[in-house]
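**Q** below is the structure, and that's it, no one-letter string:
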């Protein structure tokens, strides 16, 4: 270690890099003459861990990075903890090789990262910032698949229940839904709701949408969809039959819920590996390609959707 810290010869590149990485991981400050040398640390910034999709993404991204000789540093925003902006500052101070953002970033973070020239890839972030490669699920295709599935089952009053209005993937789903329903029946036949990405958020807003007469809901996450199913049951509605629910993500255990959840599966493995490839290409000195790679979701039909039948009628 002494030879590395003092910049002496006779140390292999692999050993030097291992010592520097250990310093970074343990939180020790590098000697001044070594601060410009990037460790093989890669920041993986997640907005939360409550939604199972984020741990799933982190697992695949982290595993792919380790296989390539990088050390992933998991940064999760939590109540009372560091904000994403503070994580960015910390990662820059640690001379990270690159950063993968699973979720959005603010204009300030964008400017900070762009100005420092740090390799960055946005995974399922879908923000309007140019300059960083992006890997996303095709939200428009997802809405089209779910809507067509519900319509084929006889549902005419179909609603969309997504995340907050400033959440870019939710905005994309909303735009696609409006385009689909622009000429489809009366305006009252289709509604759009915005909820927090939580079971309780989905339940609260879905209660209003069921009360308004929707018989099918396309949801922006599996967690929201499970909340919508609870809301339907609390109103005495049968799922499926009287109402149907489609989720989004295909999180772990969705095949074991009651009923098993029909959902749109995000291709986690393909997306995560594409993000790592784009990042490593930048780290290797290749110019980033600031384009968005859209991955097609897969409709997985299970038990939460079925043929529409009027309330109070007999068996399906």
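**A** Received, thanks. What you see is a predicted model, and the numbers here were worked out from it, not measured in a lab.
**Q** where in the stretch 1-150 of the chain is pLDDT low?
**A** Along the stretch 1-150 of the chain, the parts satisfying pLDDT under 70 run over 1-39, 78-84, 104-105, 126, 128-129.
**Q** number of nearby residues for the nearest residue to residue 103 once chain neighbours are set aside?
**A** Distance criterion Cβ to Cβ, 6 or more residues apart in numbering; nearest residue to residue 103, sequence neighbours excluded, is residue 47 at 3.8 Å. For the C-beta atoms, the positions are set from N, CA and C on the backbone; glycine is no exception. Burial measure for residue 47: 19 neighbouring residues, criterion other Cβ atoms under 10 Å.
**Q** residue 248 sits in which helix or strand?
**A** Element membership for residue 248, per DSSP states H and E: strand 244-249.
**Q** how close does the residue most central in space within the chain get to residue 239?
**A** The residue lying closest to the centre of the chain (Cα atoms, centre = their mean) is residue 124, at 4.7 Å. Distance, residue 124 to residue 239, using Cβ to Cβ, to the nearest Å: 28 Å.
**Q** try residue 303
**A** Taking Cβ to Cβ, one finds residue 303 at 9 Å from residue 239.
**Q** what of residue 286?
**A** From residue 286 to residue 239 the distance is 49 Å (Cβ to Cβ).
**Q** can you list contacts of stretch 67-74?
**A** 21, 25, 39-44, 46, 58, 61-62, 65-66, 91, 94, 96-97, 276, 280 (Cβ atoms under 8 Å, 6 or more residues apart in numbering).
**Q** quick one: which of the residues you listed sit in helices?
**A** Among those, the ones falling in helices (DSSP state H) are 21, 25, 58, 61-62, 65-66, 91, 276, 280.
**Q** ok, these vs residue 193, which is closest?
**A** For these, the residue nearest residue 193 by Cβ to Cβ is residue 58; the value is 28.7 Å.
**Q** residues contacting that closest one?
**A** 44, 46, 72, 74, 102.
**Q** might one say that the first one is in contact with residue 75?
**A** Yes: taking Cβ atoms under 8 Å as the contact criterion, residue 44 and residue 75 are neighbours in contact, 6.7 Å apart.
**Q** neighbour-wise, which of those two wins?
**A** The neighbour comparison of residue 44 against residue 75 (other Cβ under 10 Å) goes to residue 44, with 23 against 19.
**Q** what sits opposite the more buried one in the beta ladder?
**A** Per DSSP bridges, the residues bridged to residue 44 are residue 74, residue 100.
**Q** for it, list the residues it contacts.
**A** Neighbours of residue 44 in contact, by Cβ under 8 Å, 6+ apart: 58, 61-62, 65, 72-75, 99-100, 102.
**Q** how about low-confidence regions in the stretch 151-300 of the chain?
**A** In the stretch 151-300 of the chain, residues with pLDDT under 70: 184-188, 290.
**Q** quick one, helices of it?
**A** Secondary structure of the stretch 151-300 of the chain (DSSP state H, counting those that start in this stretch): helices located at 168-181, 199-211, 222-234, 268-283.
**Q** pick the most buried one from those.
**A** Comparing the helices of the stretch 151-300 of the chain by mean neighbour count (mean count of other Cβ atoms under 10 Å), helix 222-234 ranks first with a mean of 24.
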